[in-house]
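Engineer: A structural model of the following input is requested.
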Amino acid sequence: MLYLLGRPTLRECIRFIQRRAVDPPAAGRLTEAWGAAAARIAEIEKEEAGLADHPQVQPLGPRYEPLLIELLKDPLAHYAFNTVPVDIVMVPLDRLVVYQNHIDLDFARSLERRLGPAPGEEQIFRTCLPSDHPLPPVEWASDRDGRFVFLSPSNDLRFLRAVPLRSGQVVNTALSGVLVGMVGIAVGFGSNFLNAMHAGNRLILHNGTHRAFALRSAGITHAPCIVQYASSREELDLIAPEAVRKRPEAFLEHPRPALLKDYFDPRLRIVFPSRRRLRQVTVRFQVEEGWVPAV
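Structural biologist: Residues are numbered from 1 along each chain as shown. The predicted structure follows:
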């Protein structure tokens with residue numbers, strides 16, 4: 001596990017590493033490492049002030065048209081990005097603002113191995129914007145308490161939404177009565193597209209941090225990315241993850257926020273063996289029956 005030091009609070013740093021590490025470093029050692037990283041951040045805030053501002057994006061160009069046509073046939077490309085204006089462009093990886101403090105190096109290296117030593121444009125595009133959506137391994141089961149538990153090594157496992165279903169949409173289901181309606185509680189994975197949010201003249205990486213890290217590790221400096229354009233804080237609040245919604249000023253106003261390039265600065269990170277963990281999503285529902293006055 002790689003963890004960025006100096007920007008999250010010292011308390012958060014110690015808590016995260018001591019919970020995840022196979023052999024947790026002493027709090028004193030972590031305090032010293034965090035302090036050194038914070039001092040380095042104070043230096044780069046002066047040396048690289050404004051580096052996150054106005055990153056130059058590039059149009060994909062006509063050679064990408066067949067891949068774009070294929071991508072735009074994917075319903076997820078429409079359903080997942082229909083709130084604010086969107087474009088698909090080449091983005092500079094080093095200048096992407098990041099909010100994720102940790103990188104699973106085993107996973108990132110597996111992505112880099114799949115890329116190979118000299119990936120072509122099509123392979124890079126499909127890595128960033130896959131239209132086949134391969135599913136990570138997942139298991140799920142129910143228990144006697146009416147709970148449904150889903151487990152996956154992918155941290156992308158999530159609750160999607162509750163879906164109302166009519167009787168005609170449900171087949172091959174044995175019930176003890178005549179079906180009127182059914183509620184489906186959907187659990188699955190996100191669209192898995194490399195995407196960023198453009199707000200305040202900056203690009204904040206939203207999804208695909210491990211792929212961006214793997215691409216940069218392979219020497220690739222620019223990558224195709226879906227960019228959502230938020231013209232106000234209110235629009236950003238609609239599309240941003242919780243970490244950005246809670247502290248937008250850290251990403252939009254700080255003279256030198258955390259950038260993807262920081263993952264590769266040994267003065268700003270710590271690497272440690274970590275325990276393997278599974279993502280768990282538990283679904284519960286409650287049924288109430290009673291009487292109400294008829295109108």
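
Engineer: What is the burial count for the spatially closest residue to residue 116 that is not a sequence neighbour?
Structural biologist: Excluding its sequence neighbours, the residue lying closest to residue 116 (CB to CB, 6 or more residues apart in numbering) is residue 123, at 7.6 Å. From N, CA and C alone the C-beta is placed, and that goes for glycine too. Residue 123: 13 surrounding residues under other CB atoms under 10 Å.

Engineer: again with residue 55
Structural biologist: By other CB under 10 Å, 19 other residues sit near residue 55.

Engineer: Residue 20 - nearest residue in space that isn't next to it in sequence?
Structural biologist: Using CB to CB, 6+ apart, the nearest residue to residue 20 is residue 274, at 4.4 Å.

Engineer: Could you check how far the one you found is from residue 120?
Structural biologist: According to CB to CB, to the nearest Å, residue 274 and residue 120 sit 33 Å apart.

Engineer: Among these two, which residue is more densely surrounded?
Structural biologist: residue 274 (20 against 10).

Engineer: how close does the more buried one get to residue 17?
Structural biologist: 9 Å.

Engineer: Please apply the same query to residue 62.
Structural biologist: From residue 62 to residue 17 the distance is 48 Å (CB to CB).

Engineer: more neighbours, these two?
Structural biologist: residue 17 (22 against 8).

Engineer: Help me confirm that that one comes into contact with residue 4.
Structural biologist: No: in this structure, residue 17 is not within contact of residue 4 by CB atoms under 8 Å, at 11.4 Å.

Engineer: okay, and the common contacts of the two?
Structural biologist: Counting by CB atoms under 8 Å, 6 or more residues apart in numbering, residue 17 and residue 4 have no common neighbour.

Engineer: one step back: for beta bridges, what are the partners of the residue nearest to residue 20?
Structural biologist: For residue 274, the beta-bridge partners under DSSP bridges are residue 21.

Engineer: What pLDDT does the model give it?
Structural biologist: Confidence at residue 274, expressed as pLDDT, is 95.

Engineer: what do you get for residue 250?
Structural biologist: 93.

Engineer: Just give me the neighbour total for the closest residue to it other than its chain neighbours.
Structural biologist: Leaving aside its chain neighbours, residue 250 sits nearest to residue 257 (6.4 Å; criterion: CB to CB, 6+ apart). By the criterion of other CB under 10 Å, residue 257 has 20 neighbours.

Engineer: dump the residue contacts of residue 257.
Structural biologist: Counted by CB under 8 Å, 6+ apart, residue 257 has contacts 52, 97, 202, 250-251.

Engineer: tell me which element residue 140 is part of?
Structural biologist: For residue 140, the host element (DSSP states H and E) is strand 139-142.

Engineer: Fine by me, thanks again.
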